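Asks: predicted model follows, preceded by the sequence.
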Amino acid sequence: MAITMTDAQARAASAGFEKLSLRGVTRAYGKNPPALRDFDLELGRGDFVALLGPSGCGKSTALACLAGLQPLTRGSIWRDEERIDTRPTEQRGFGMVFQNYALFPHLSVQKNVEFGLAMRKVARRERQQRALAALRTVQLEEHAGKLPSQLSGGQQQRVAIARALAIEPEVVLMDEPLSNLDAALRIEMRTEIKRLYQERGLTVLYVTHDQEEALSLATRLVVLRKGRLEQTGTPQEVYTNPVSAYVAGFMGYRNLFPASYLESGAGREVTVSAFETSVTGTLIAGEQPVSGGEVTVAIRPEDFTIAADADKNAIKAIAEVVEFHGRELSVQARTAAGGVLHLKTDQSVVAGSNLALTARPDRVLVYQGGLDRSELDIEVGAA
Amino acid sequence: MTATPAPARMPRQPIRHRLAERGIDFSLLLLLPAVAVIAGLFLYPFIYGVGISFQPQAGGGVFANYKNFFTDSYQSGSILKTLRLALPVALVSVGLAAPLAYQCRRDFRGRKVVTLVVMLPITFGSILIAQGMPRVFSPYGWANLLLNDVGLPQANLIYNYWGTFIAAVLTTLPLSFLMMMGFFGGIDRSLEHAAATLGASRAARFWRIILPLAAPGILTAFMLACVEAFAIFPSAILVGQPDNQTHVLTIPIYQAASQNSDYTQASAIAIVLTAIELLILALAVFVRGLLFKGPATGGKG
């Protein structure tokens, strides 16, 4: 069945806002360092923006500030030319989906979805019809009479999404909506969210710590670090050109290790010393480091190739753990110096075998300065 | 037709497994002390009391004690007086404690102080409270001096119904508060947040989300306060009007037992008191059965 727009929806689409902006938003809890610092964000109509970062980076705080669930310590929020951060949550008209679903346990699925419409004083008949229509879009129409506790986790989150969409909000805020689901369901629901986004022309602000989720859903990525914006761009831009080792860590550069700068080659090519050998890579940003200066090297597991033992510019390591992943093997190896490396290969490797690893210089990213690994509190996905 | 051979009998599982399947194991022994105490100190005296209530000291048939009580309008009138005290006390106590408990469900500056102050009356006991009340409510207590100063007539809030009422509210309030704080605290904050994003005002969130989810707790608190107020005794005498307005059921029990040394009569009245309490509890439990009882969380988390 084709998705039909109600009048209200059509009106919302034609008379809606152009952009939503957070300007210099700061949120401090007591005397602790602010959870969010001078944060600027623009959300255009039809955008799907993902806020990405580890726990404690301020992404959920940003969402809560926008929803009005948290006061702003400094800064303001604007809907086009109208300041909205002084309005209470209930007058902002954003739909929100929570990590723990937040369904009203004492109300039926139908009543849950109707709740926002009831608050808007929509007549009972219309309310019921619109709630059923919203449930239909998430394929849960036949469960309308049940209590939330009678549904599975995935179904509950679909009800939560239907509930948020039933009020035809200008913006849908999603706070880690898939984090409580198991892996298979997470991927299924991800597709579901993308489908709803495309079919209904939603505007979405999506908070997640999962780079796969962010990359696959968003039209624009915003990476946060310690309450500040670290990088923003399309998923392709951020994925291929992470501006810092921190962002690289999020974009699948699982191998992040310290090295010292040796010399520069052509263009931005640099040679660094690491693991008792020299590695040639690409300097990402900033001035040429001084000789012997501290740098951080980032390499994706799939960018390593296993070279012949004789290659003197290869990193020598011993395979420690070998996992079978179907088409390829995922290997954890340890260098003589004790560093841990991760690689993916379709060659056969057994635990205990000696490896010589190389990577193309354009796939080896070199960042100035060290990296605090503890900052990268990431859950590494299956990919 | 050939008879099917009898199936080979499966060897029976060891007794330990069979008992465990029915939930019987050694951890049940942990219940023993509590069961012994309840049986020895509560159940036995109760059954004994029921027994002697039907063996009147003065003779006159099995039901003589009950007949005495119900035909003496002064004595049986205490049923109504008890109800007139206990039900409003429970209502006011829950009504006052509910907003406090609602606020205290999450952390804020000074929460511990508020909690401590509300809880203090528990440690005082009703006699200490009754001792302190004249300083506030007597004609020369500060409440009346204050009324005097602002030019309002004096209020008789002690040595009558209101004296006992106030004392009873003070003693039951902490219990209601404690009870409800647990229930309000168990309501997931994200439910309120979700309701707010859906357009529910503060009032709508309270009436449509918080209250329905906390209702079982509020009802439980009401029952507890009610039971507590039913057994009120010291404050009915010390700050009430024990021969008239606050002639609650405990007073004829005390008089029968201590002044007339008629334990059988005292038991009979105590049984009446118990029966009324049980009736109210049964009603409350029935109402609670109609409410939503599941966990007040929004899903996983």
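Replies: Nice, thanks for sending it over.

Asks: residue B:136: what secondary structure?
Replies: helix (DSSP: H, G, I helix; E, B strand; the rest coil).

Asks: which ones are touching it?
Replies: Residue B:136 sits next to B:142-143 when contact means Cβ atoms under 8 Å, 6 or more residues apart in numbering or on different chains. Backbone N, C-alpha and C define where each C-beta goes, glycine included.

Asks: hmm, 10 Å instead?
Replies: B:142-146, B:157-158, B:166 (Cβ atoms under 10 Å, 6 or more residues apart in numbering or on different chains).

Asks: kindly report the same for residue A:37.
Replies: Residue A:37 neighbours (Cβ under 10 Å, 6+ apart): A:24-28, A:58, A:73-75, A:224, A:226-229.

Asks: and it, how far from chain B?
Replies: According to Cβ to the nearest Cβ, to the nearest Å, residue A:37 stands 23 Å off from chain B.

Asks: give me the number of residues near the closest residue in space to that residue that isn't next to it in sequence?
Replies: Closest residue in space to residue A:37, ignoring its immediate chain neighbours: residue A:227 at 4.3 Å, by Cβ to Cβ, 6 or more residues apart in numbering or on different chains. With neighbours defined by other Cβ atoms under 10 Å in any protein chain shown, the count for residue A:227 comes to 22.

Asks: what about residue A:294, how many neighbours?
Replies: Residue A:294 has 15 neighbours, counted by other Cβ under 10 Å.

Asks: tell me the secondary structure of whichever residue of the stretch 1-150 of chain B sits closest to chain A, please.
Replies: The stretch 1-150 of chain B approaches chain A most closely through residue B:109 (10.1 Å), counting by Cβ to the nearest Cβ. Recorded secondary structure, residue B:109: coil (three-state DSSP).

Asks: could I get the pLDDT score of it?
Replies: We note a pLDDT of 83 for residue B:109 in this prediction.

Asks: residue A:35 versus that one, what's the distance?
Replies: Using Cβ to Cβ, to the nearest Å, residue B:109 is found at 19 Å from residue A:35.

Asks: likewise residue B:49?
Replies: Residue B:49 is 62 Å from residue A:35, where distance means Cβ to Cβ.

Asks: next: residue A:104.
Replies: For residue A:104, the distance to residue A:35 - Cβ to Cβ - is 28 Å.

Asks: still on that earlier bit, and residue B:109 and residue A:35? Which one has more around it.
Replies: Of the pair residue B:109 and residue A:35, residue A:35 is the one with more neighbours under other Cβ under 10 Å, namely 23 against 6.

Asks: one step back: buried members of the contacts of residue A:37 into ChimeraX, please.
Replies: Of the contacts of residue A:37, the buried ones go into a single ChimeraX selection, burial set by 16 or more other Cβ atoms under 10 Å in any protein chain shown:
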select /A:25,26,27,28,58,75,224,226,227,229
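
Asks: can you put the contacts of residue A:37 in JSON lines and add distance to residue A:359?
Replies: Shown next, in JSON lines, are these (distance: Cβ to Cβ, whole Å):
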{"residue": "A:24", "distance to residue A:359": "41"}
{"residue": "A:25", "distance to residue A:359": "40"}
{"residue": "A:26", "distance to residue A:359": "41"}
{"residue": "A:27", "distance to residue A:359": "41"}
{"residue": "A:28", "distance to residue A:359": "42"}
{"residue": "A:58", "distance to residue A:359": "33"}
{"residue": "A:73", "distance to residue A:359": "44"}
{"residue": "A:74", "distance to residue A:359": "44"}
{"residue": "A:75", "distance to residue A:359": "42"}
{"residue": "A:224", "distance to residue A:359": "29"}
{"residue": "A:226", "distance to residue A:359": "30"}
{"residue": "A:227", "distance to residue A:359": "33"}
{"residue": "A:228", "distance to residue A:359": "30"}
{"residue": "A:229", "distance to residue A:359": "30"}
